[in-house]
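Visitor: okay, predicted coordinates and the sequence, questions at the end:
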Amino acid sequence: MTAVPRRLLQMAPGVSLATLLTGFIIVPIAAVFLWAFAEVWRYPSLIPTQWGFRFWAAMLSRADVWAALRTSIALSVIVTLFSALICLPAAYAFARLEFPGKSALLLSFLATQAFPKFGLYIAIASIFFSLGLVGTFAGVVLIQLVNTLLLMIWIPVGAFQAIDRRLEEAARDVGASATRTFLSITLPQAGPAIGAALLLTFVGTFYETEGAFLIGAPHVRTMPVLMISLINNQLVVQYGAVLSVMLWVPSFIALLFARKILSARAIAGGLGA
Amino acid sequence: MTVERTEARRFPVGLLLVAAPVLLVAVFVLLPAIAAIVSTLRPDAAGWSFSAYARFFGDRLSTGNLLFTLVSTLVTSSALLLLCLPIALYLRFSSGRLPTFVQSVAVFPLFVPGIIVGYALIRFMGPNGTIQTVLHAIGINGFRSPYLTPVGTVIGLVWEGIPLTLLILLSGLAQVPDAAIEAARDVGAGGLRILTGIILPLIRNSLTVAFSLSFLGVFGAFTMPYLLGPASPEMMGVFMQRTFSELQDPLQAQTQAVMCFLFCAVVGVIYVRSVARSRRKSA
């Protein structure tokens, strides 16, 4: 008799947490999806009164959307490439080589997180201002690059450290060259985590709003900066909703792939947590 | 002989490989911070002076914004701990499909860009938004939207901050041995006693990292307060942006930034030390 109520009582905390979190976290995002496909949705109707793709067509025919998309993709590709070029060799060195000051230097990347971020951006922007870098693409690339360092170093360091050294030694024993060993043994093992770090860097740069807004405005307009101006001008609700869905769904699928490789914990670790 | 040679060869190679990103941190983090301090203390060629700071402290708007930022930050960071600690405890001490679901939902914001969250929350809690619609449907009227109020900023920042805070607490809780809890239970300790006597002391470092990271994140936030917060008082992020971009006053914006650094310096040091400590422990 008492078995059923007791089971319910045991489930109560889980059920209430699930309900609370779903209501607070999932519902707002779900509502944006509804708005993106709503042609008419008048208060106080619970769901849209008329569905359709009219606003998708309107959004896709706007030149500023396509220009911002091009800017954002170019920015993300360049920043990710530079970041990989600079950080991956460093990550390898941190994981596998010995040199003085190693652990202190590795921790120095935390400095990017140890400042109140926007304050740091203002300090950087003031220097860029005197160098004429404000409002330029190069300025935005530089400020984004700084943002990517921690993630692009810490995640690959973990990956390189996790490699089974015995496999490499075995390859060397049977006569493989150092390069061959690196390409056939080391890289494939660290590859997935490095791929995930690249993906996270790309997506993170694509959506970075604050540095792009401060340094890029008014000439360099990335997608998030365009989104800010859509919100500020209080245009039709659906424009923002369509843009959100359009931008977010591809990144979400990409990030789910990253999550298959890296735990959420590792992703958070790349953020210095 | 060969060993000596490889050691000698490796030492500069390692340093050389890490030089580029380390230099970037020096040039784009330390240098701007130092430059901001120096140029605010030397506003013109005439020499050292506190005039920029005198202007900051002589202005009720500036000091008000600073105080408002500090209060908002403390409220948000505390709210995050109070919300995430029960979730983390629940996840640590239960298993099955329901906890897995709870964890996926709680970690989900990690995968949503801030700008989209900001927009979604305007539609959620703003005028004629989801909350108001649902309340109206069940017959409750007179909803006062937190959008464009200080509470709106806190809600947005809590939404964003849940995953990191939760994951840090979870990794701390993972190191609490079951045996310690069972032993305490055997001698008759209640749930609250176990929490305050065993669990909390053991995860003190994680609590520190979580609190300091969210403190720094909120103090230096821009997007959420810009989209969801009031026009006055402003959080420092919004205030600095307006001073820099709209008022075109880099010197005063830098002064505001240095004030932010000052208020966050202690927390920043605590954060780096705690992360270093937990890395040493796990290494």
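Guide: That came through fine. Residues are numbered from 1 along each chain as shown, chains lettered A, B, ... in the order given.

Visitor: got the contact list for B:Val25?
Guide: For B:Val25, the contact set (C-beta atoms under 8 Å, 6 or more residues apart in numbering or on different chains) comprises A:Ser108, A:Phe109, A:Ala111, A:Thr112, A:Val146, A:Leu149. For every residue, glycine as well, the C-beta is placed using N, CA and C.

Visitor: among these, which two are most distant?
Guide: A:Ser108 and A:Val146 (12.6 Å; C-beta to C-beta).

Visitor: neighbour count for these two, which is higher?
Guide: A:Val146 (23 against 20; other C-beta atoms under 10 Å in any protein chain shown).

Visitor: do the host helix or strand of the more buried one and chain B meet?
Guide: Using DSSP states H and E, the element containing A:Val146 is helix A:137-161. Yes. Using C-beta under 8 Å from any C-beta of the partner chain, we find that helix A:137-161 touches chain B at A:Leu142, A:Ile143, A:Leu145, A:Val146, A:Leu149, A:Ile153.

Visitor: run a quick neighbour tally on the fifth one.
Guide: It stands for A:Leu149. 25.

Visitor: what's the per-residue pLDDT of it here?
Guide: Here the pLDDT value assigned to A:Leu149 is 92.

Visitor: do I have it right that it meets B:Val22?
Guide: No. Judged on C-beta atoms under 8 Å, A:Leu149 makes no contact with B:Val22 at a distance of 9.3 Å.

Visitor: so what's the nearest residue to B:Phe219 once chain neighbours are set aside up against?
Guide: Nearest residue to B:Phe219 in three dimensions, chain neighbours excluded: A:Pro116, at 4.3 Å (C-beta to C-beta, 6 or more residues apart in numbering or on different chains). By C-beta under 8 Å, 6+ apart, A:Pro116 lies in contact with B:Leu216, B:Phe219, B:Gly220, B:Met236, B:Cys260, B:Phe261, B:Phe263, B:Cys264.

Visitor: just flag the most distant two among these.
Guide: B:Leu216 and B:Met236 (12.4 Å).

Visitor: which strand or helix spans the residue nearest the centre of chain A?
Guide: Taking C-alpha atoms, centre = their mean, the centroid of chain A lies closest to A:Gly204, which sits 2.6 Å from it. Here A:Gly204 is covered by helix A:187-207, with elements defined by DSSP H and E.

Visitor: can I get stretch A:80-97 in PDB? Just the C-alpha atoms.
Guide: The C-alpha trace of stretch A:80-97 is given here as PDB (Å, rounded to 0.1, in the frame of the first residue of the first chain):
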ATOM      1  CA  THR A  80      39.900  29.500 -36.100                       C
ATOM      2  CA  LEU A  81      42.800  29.100 -38.600                       C
ATOM      3  CA  PHE A  82      45.000  31.600 -36.800                       C
ATOM      4  CA  SER A  83      44.100  30.200 -33.400                       C
ATOM      5  CA  ALA A  84      44.900  26.600 -34.500                       C
ATOM      6  CA  LEU A  85      48.100  27.700 -36.100                       C
ATOM      7  CA  ILE A  86      49.300  29.400 -32.900                       C
ATOM      8  CA  CYS A  87      47.800  27.200 -30.200                       C
ATOM      9  CA  LEU A  88      48.100  23.600 -31.400                       C
ATOM     10  CA  PRO A  89      51.900  23.500 -31.500                       C
ATOM     11  CA  ALA A  90      51.900  25.300 -28.100                       C
ATOM     12  CA  ALA A  91      49.400  22.700 -26.700                       C
ATOM     13  CA  TYR A  92      51.700  19.900 -27.900                       C
ATOM     14  CA  ALA A  93      54.600  21.600 -26.200                       C
ATOM     15  CA  PHE A  94      52.700  22.000 -23.000                       C
ATOM     16  CA  ALA A  95      51.600  18.400 -23.000                       C
ATOM     17  CA  ARG A  96      54.800  16.600 -24.100                       C
ATOM     18  CA  LEU A  97      57.900  18.800 -23.700                       C
END
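
Visitor: how is chain B carved up into domains?
Guide: B:1-42, B:62-282 (automatic domain parsing).

Visitor: tell me where the chain is predicted with low confidence.
Guide: Defaulting to chain A. A:1-4, A:234-235, A:264-273 (pLDDT under 70).

Visitor: wrong one, I was asking about chain B
Guide: Short version for chain B, where the test is pLDDT under 70: B:1-11, B:282-283.

Visitor: try it again with 50
Guide: B:1-5, B:10 (pLDDT under 50).

Visitor: residues contacting the most centrally placed residue in it?
Guide: In chain B, the residue lying closest to the centroid (C-alpha atoms, centre = their mean) is B:Ser214, at 2.2 Å. If a contact means C-beta under 8 Å, 6+ apart, then B:Ser214 has B:Thr76, B:Ser77, B:Leu80, B:Leu81, B:Gly161, B:Leu164, B:Thr165 as its contacts.

Visitor: quick one: neighbours of the fourth one, just the number.
Guide: In this case it means B:Leu81. Quick note: B:Leu81 (other C-beta under 10 Å) scores 16 neighbours.

Visitor: which strands and helices sit next to the host helix or strand of it?
Guide: Using DSSP H and E, B:Leu81 sits within helix B:60-92. Packed against helix B:60-92 by the contact rule (3 or more C-beta pairs under 8 Å, 6 or more residues apart in numbering or on different chains; DSSP states H and E) you find helix A:3-21, helix B:51-58, helix B:97-107, helix B:150-173, helix B:204-219, helix B:236-241, helix B:250-282.
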